[in-house]
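**Student:** Just the structure for this:
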Amino acid sequence: MWKYWPASTDNRAMSAVPAITDPRRFLRTLYDAAVQRALPAHITAPHLPAPPDPSRGRTVVIGAGKAGGAMAAAVDALWPPGAPLSGLVITRYDHVPPAYKAHPGRIEVVEAAHPVPDEAGREATRRITELVRGLTKDDLVLCLISGGGSALLSMPAPGLTLEDKQAINKALLRSGAAIDEMNCLRKHLSAIKGGRLAAMCAPARVVTLLISDVPGDAPEVIASGPTVPDASTCAQALAICTRYAIELPAAARAGLESGAFETPKPGDAAFAGHAVHMIATPQQSLEAAAEVARAAGVPAYILSDEIEGESREVGKVHAALARAVAHRAQPFAKPCVILSGGETTVTVRSKGGRGGRATEFLLGCAIALQGEAGVHVLAADTDGIDGVEDNAGAIVAPDTLARAAAQGLKASEYLDRNDAYNFFAPLGDLVVPGPTFTNVNDFRALLVL
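**Tutor:** A predicted model of the protein is given here:
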C-alpha cells in the first residue's frame, strides 16, 4: 500500500515508503507532492501583512488566477476575525475550493473563462476597479495573483473590445509564442495589466502575494503583472506581433505605434511603498517531489524549473536523456528520477486535435523512447488542467506504443494533428486529478529503473 503525503505534514518527506513495484503510482505520488507544496492553505501565513488600524483604514482584497479561489480562502481563514476584510478575486470556472464555495467567506470569488477571456471576467474586472477607487493612504490592498490571471483579469485598452482581446488571445495561443512574449502583448493592450492596477489603488499601500507559473519567476510576467512595474515596451509588443503574424485591430496598432499604450515603468511613484511576496514557485514544488523520491530510496535530480520550447521537441530531448541514463549511466546512474518544470508551448498545426502541452510533450517523448525498457514518464500541469481538457497530463510506460498499436493508434499521426489527448485516452493513461486550486506550471518526472 502506497503512503501518500498528507496535507498536514508541512511538506516534510514521507517515511517508510516501500520499494517501487508500481512506477505509475510512484510518479503520481511525486506529482501530488509537487502540488501539495504549492497549495495556498500551506504557504500563505508567513507572507500576510498586519492589518491596518481599523479606526483609520481597511483591507481590500483583489486578485485573479487559477489559484485565486484557494488564495482567497486561505486569506479569509488566516485574517484576524475582528479585522475588517472585503474584496473580490477572479478565478477560472470550477476552480473555487468546494468548502469555500459552499460556505463563502468575506472575500467574494467570481468565476470566469480561461484561457480566452469572457464577459464574466470583464465585468468582474470592472468591479475590482470600483473597489479600489477612492482609497486612502491608511488603507491596505492585498492583491492575490497566480497563473491564469492574465486572461481572467480582462479590461481592454481604450478603443478595443472584448472581442478584439479574445481574437488576439486565441491567435497567441496558436502561435507558439513563449509566455513572456504573450504577456508582453497582453499587458500593452490592457487597461489594468502591466502595473496599471497598482496605479488605480493609489495612495493605498499594495501588498502582492504571487504564485509563480512562469520560468524565472519574474513578477512582471505572472498574470501580466497588474501591480508591478513593467520594463517592456510598446515597440517590443509590436515586434512580437510581427514575429508570430498576429493580426491587430486598427486601434490596437495605433496605440502601440504611438506609445499611447505604454505601461508604468520601474521607478514610477505609483509603486512607492508597495511589497511583493513570492509565496510558491515551480522550483519549490520540484524540490518537494525530489524529497519524496529520495525518501523512497530513489536518487532524484532536478534539471531546471525554466525549460521552454516546443513541447514535442522538449519531449525528444528528455527521451534522449533517459536513454543515456539507461544505456550509459550518464549523466546519472539508474535507478533515478529526473524532474523538470517550466512552460513549453504548442504550435497548433491542425484544427480539431485535442490536448495541451503536457500530453504533446509525452507523445513526442514516447515516439523518441520507442518503448525503452525501464523508462516511465509523467508530465502534467500542476493546476490539474492540460490546456482546456479535463486531464492534467498523462503517463508513458515502456509498453505505451505497443498497446497503442494493438488498438490501431499510430503515435506519429496523432502528433501531426496535435491530438495527444485522444491518443492517451483509449490507453487509460491520462492523469485526471481535477482542478488542484494552485498553479506552478509544468511538472515532468522521468523514472529510469
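**Student:** where in this structure is pLDDT low?
**Tutor:** 1-19 (pLDDT under 70).
**Student:** And the strands in it?
**Tutor:** Using DSSP state E, the strands found in the chain span residues 59-64, 86-92, 107-112, 140-146, 205-211, 275-280, 300-302, 336-342, 375-381, 393-396, 430-431, 442-448.
**Student:** can the ones you listed go into CSV with extra columns for mean neighbour count and distance to Ala320?
**Tutor:** (Each C-beta comes from the backbone N, C-alpha and C, glycine too.) Shown next, in CSV, are the strands of the chain (neighbours: other CB atoms under 10 Å; distance: least, CB to CB, whole Å):
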stretch, mean neighbour count, distance to Ala320
strand 59-64, 28, 39
strand 86-92, 26, 35
strand 107-112, 22, 41
strand 140-146, 28, 33
strand 205-211, 26, 32
strand 275-280, 18, 31
strand 300-302, 18, 15
strand 336-342, 24, 12
strand 375-381, 28, 11
strand 393-396, 29, 14
strand 430-431, 23, 23
strand 442-448, 26, 11
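**Student:** Ok, which of the ones you listed comes nearest Ala411?
**Tutor:** Evaluated over the strands of the chain, closeness to Ala411 peaks at strand 393-396, with 10.2 Å, by CB to CB.
**Student:** Show me what that closest one packs onto, helices and strands only.
**Tutor:** Contacts defined by 3 or more CB pairs under 8 Å, 6 or more residues apart in numbering; DSSP states H and E place strand 393-396 against helix 23-37, helix 357-369, strand 375-381, strand 430-431.
**Student:** Out of these, the one nearest Gln283 is which?
**Tutor:** Comparison of the helices and strands packed on strand 393-396 against Gln283 by CB to CB identifies helix 23-37 as nearest, at 10.1 Å.
**Student:** in the closest one, what counts as buried?
**Tutor:** Neighbour counts over helix 23-37 (16 or more other CB atoms under 10 Å) mark 23, 26-37 as buried.
**Student:** how far does that helix sit from the chain's center?
**Tutor:** Distance of helix 23-37 from its chain centroid, counting by CA atoms, centre = their mean, to the nearest Å, is 17 Å.
**Student:** ditto for stretch 390-404
**Tutor:** 23 Å.
**Student:** Quick check: end-to-end length of stretch 328-345?
**Tutor:** Counting by CA to CA, to the nearest Å, you get 30 Å between the two ends of stretch 328-345.
**Student:** mind listing the helices for the stretch 251-400 of the chain?
**Tutor:** 282-295, 311-328, 357-369, 400-406 (DSSP state H, counting those that start in this stretch).
**Student:** between the first one and helix 23-37, what angle do the directions make?
**Tutor:** Interaxial angle of helix 282-295 relative to helix 23-37 (axes from the mean of the first three to the mean of the last three CA atoms, to 10 degrees): 140 degrees.
**Student:** Same question for the second one.
**Tutor:** Here the directions of helix 311-328 and helix 23-37 differ by 120 degrees (the same axes, to 10 degrees).
**Student:** elements contacting helix 311-328?
**Tutor:** Against helix 311-328 (3+ CB pairs under 8 Å, 6+ apart) you get strand 336-342, helix 357-369, strand 375-381, strand 442-448.
**Student:** I'd like to know which of those is closest to His47.
**Tutor:** With CB to CB as the criterion, His47 lies closest to strand 336-342 of the helices and strands packed on helix 311-328, at 21.5 Å.
**Student:** Compute the inter-axis angle for the closest one and helix 311-328.
**Tutor:** Going by the same axes, to 10 degrees, strand 336-342 makes 160 degrees with helix 311-328.
**Student:** name the helices or strands packed onto strand 336-342?
**Tutor:** helix 282-295, strand 300-302, helix 311-328, strand 442-448.
**Student:** any idea how far the residue located most distally from the centre of the chain lies from Leu78?
**Tutor:** Within the chain, Ser55 marks the point farthest from the mean C-alpha position, 38.4 Å out by CA atoms, centre = their mean. Using CB to CB, to the nearest Å, Ser55 is found at 22 Å from Leu78.
**Student:** for Val206, same thing?
**Tutor:** Val206 sits at a distance of 19 Å from Leu78 (criterion: CB to CB).
**Student:** do Ser175 as well
**Tutor:** Distance from Ser175 to Leu78, by CB to CB: 40 Å.
**Student:** more crowded one of these two?
**Tutor:** The neighbour count for Ser175 versus Leu78, taken as other CB atoms under 10 Å, is higher for Ser175 (20 against 12).
**Student:** Could you find the closest non-adjacent residue to that one?
**Tutor:** Tyr244 (4.0 Å; CB to CB, 6 or more residues apart in numbering).
**Student:** Now do the contacts for the one you found.
**Tutor:** Tyr244 sits next to 171-172, 175-177, 181 when contact means CB atoms under 8 Å, 6 or more residues apart in numbering.
**Student:** Is it possible to get a markdown table of these that adds distance to Thr263?
**Tutor:** Putting the contacts of Tyr244 into a markdown table (distance: CB to CB, whole Å) gives the following:
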| residue | distance to Thr263 |
| --- | --- |
| Ala171 | 21 |
| Leu172 | 18 |
| Ser175 | 22 |
| Gly176 | 24 |
| Ala177 | 18 |
| Glu181 | 15 |
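**Student:** for these, which one is nearest Lys410?
**Tutor:** Among these, and counting by CB to CB, the member closest to Lys410 is Gly176, at 24.0 Å.
**Student:** From Asn418, how far off is that closest one?
**Tutor:** Counting by CB to CB - Gly176 and Asn418 are separated by 11 Å.
**Student:** what residues are shared contacts of those two?
**Tutor:** Contacts common to Gly176 and Asn418, judged by CB under 8 Å, 6+ apart, are Val346.
**Student:** Who has more neighbours out of these two?
**Tutor:** Neighbours per residue (other CB under 10 Å) separate Gly176 from Asn418, with Asn418 holding more: 25 against 17.
**Student:** For that one, which residues are in contact?
**Tutor:** With CB under 8 Å, 6+ apart, Asn418 has these contacts: 346, 348-350, 353, 355, 360.
**Student:** Going through the residues you listed, which ones are buried?
**Tutor:** 346, 353, 355, 360.
**Student:** Can you give me the neighbour number for the residue nearest to the last one when sequence neighbours are not counted?
**Tutor:** Closest residue in space to Glu360, ignoring its immediate chain neighbours: Ser311 at 4.0 Å, by CB to CB, 6+ apart. Residue neighbour count, defined by other CB under 10 Å, stands at 29 for Ser311.
**Student:** And Ser311, how far from Leu144?
**Tutor:** Per CB to CB, Ser311 is found 29 Å from Leu144.
**Student:** same deal with Glu163?
**Tutor:** 28 Å.
**Student:** Neighbours of Glu306, how many?
**Tutor:** Here the number of neighbours of Glu306 (other CB under 10 Å) works out to 16.
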